[in-house]
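*Asks:* here is the input, now give the coordinates:
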Amino acid sequence: MRSTRIAISAAMLGALALPVLSATTASATPASSCSSQPPLPYEVHTAAVTIRSKATTHSTALGVLYKSHRFRVHKKSGNWLYITDKTTGVKGWVSGTYVYRDVRMCLD
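*Replies:* A predicted model of the protein is given here:
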């Protein structure tokens, strides 16, 4: 009896969600090719990230990147990114665990 209720509830939820999903996809404007759009910027996804002199947690700390700081990524080495903090001009390595590029979904 309980499994029947679960199956009926799931079917009803699916039936209710279907018009909403089809309405949002039908009204969406077609996206241009992903290759023609500029890459999304990197962002800090934690309160703060330490900028280091080398791509290791044991190296000297040079500064801190906060969520509001803007920075430019020059190169990658494993999970580390060599960046320049545009606010302070400090150059160094930050962990890619806390700094990453947002994802854009393109429907070509």
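*Asks:* shaky segments in this structure?
*Replies:* 1-33, 108 (pLDDT under 70).
*Asks:* now the strands for it?
*Replies:* Secondary structure of the chain (DSSP state E): strands located at 42-44, 48-52, 61-66, 71-77, 80-85, 91-95, 99-101.
*Asks:* residue 35 is nearest to which of those?
*Replies:* Checking these against residue 35 by Cβ to Cβ gives strand 99-101 as the closest, at 15.7 Å. (Glycine included, C-beta is placed from N, CA and C.)
*Asks:* give me the buried positions along that closest one.
*Replies:* residue 99 (16 or more other Cβ atoms under 10 Å).
*Asks:* can you list the strands that it pairs with?
*Replies:* strand 42-44 (antiparallel) (DSSP bridges).
*Asks:* please identify the buried residues of the partner strand?
*Replies:* For strand 42-44, by 16+ other Cβ under 10 Å, it's 42, 44.
*Asks:* stretch 85-102 now?
*Replies:* So, applying 16+ other Cβ under 10 Å, buried residues of stretch 85-102: 85, 90-96, 98-99.
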